[in-house]
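Visitor: Pasting the sequence and the predicted coordinates here, then a few questions.
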Amino acid sequence: MGKVKTPDWILEGFDSLEAYNKAKGKKAEKKSSKTFKIKKCPACASTNVGVVLGEVGMWRCNDCGFKGTEIIEEEVSEEEFLNYLDKQEKK
């Protein structure tokens, strides 16, 4: 395994990579935001769904009893997902 090189922004005495990039005239890199998928029942839109063991690709809603292979996957941002988890914790 090779040696780890100290980043240039540290060697040149900057406090952060952002300050280094600003001084060098480089544009800030966009952070890629993660997305999460929340699974929902297609019949009642409940998130209380789970996989049926022993049946490949089968889902079951624990609220309305729906059973099938089609499930709704809602893609949300990290912030929306954390808000969703907070709401689930309060239930």
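Guide: Now that the structure is in, tell me what you want to look at.

Visitor: Looking at the record's assignment, how would you partition the chain?
Guide: 1-31, 35-90 (automatic domain parsing).

Visitor: Going by mean pLDDT, which of those domains comes out lowest?
Guide: For these, mean pLDDT drops lowest on domain 1-31, to a mean of 81.

Visitor: Now do that one: distance to the chain's middle.
Guide: Here domain 1-31 is found 27 Å from its chain centre; the criterion is Cα atoms, centre = their mean, to the nearest Å.

Visitor: do stretch 27-46 as well
Guide: 6 Å.

Visitor: Only the buried residues of it, if you could.
Guide: 39-41 (16 or more other Cβ atoms under 10 Å). C-beta: built from backbone N, CA, C; applies to glycine.

Visitor: Centroid-wise, who is the farthest residue in this structure?
Guide: When each C-alpha in the chain is compared with the mean C-alpha position (Cα atoms, centre = their mean), residue 12 comes out farthest, at 35.1 Å.

Visitor: so the nearest residue to it once chain neighbours are set aside, which of the three states?
Guide: The shortest distance from residue 12 to any non-neighbouring residue, by Cβ to Cβ, 6 or more residues apart in numbering, is to residue 20 (6.8 Å). Judged by DSSP: H, G, I helix; E, B strand; the rest coil, the three-state class of residue 20 is helix.

Visitor: separation between residue 43 and residue 35?
Guide: 25 Å (Cβ to Cβ, to the nearest Å).

Visitor: Strands of the protein, start to end?
Guide: 35-40, 49-51, 59-61, 67-68, 72-77 (DSSP state E).

Visitor: of all those strands, which gets the most neighbours per residue?
Guide: Most buried of those, by mean neighbour count (mean count of other Cβ atoms under 10 Å): strand 59-61, with a mean of 20.
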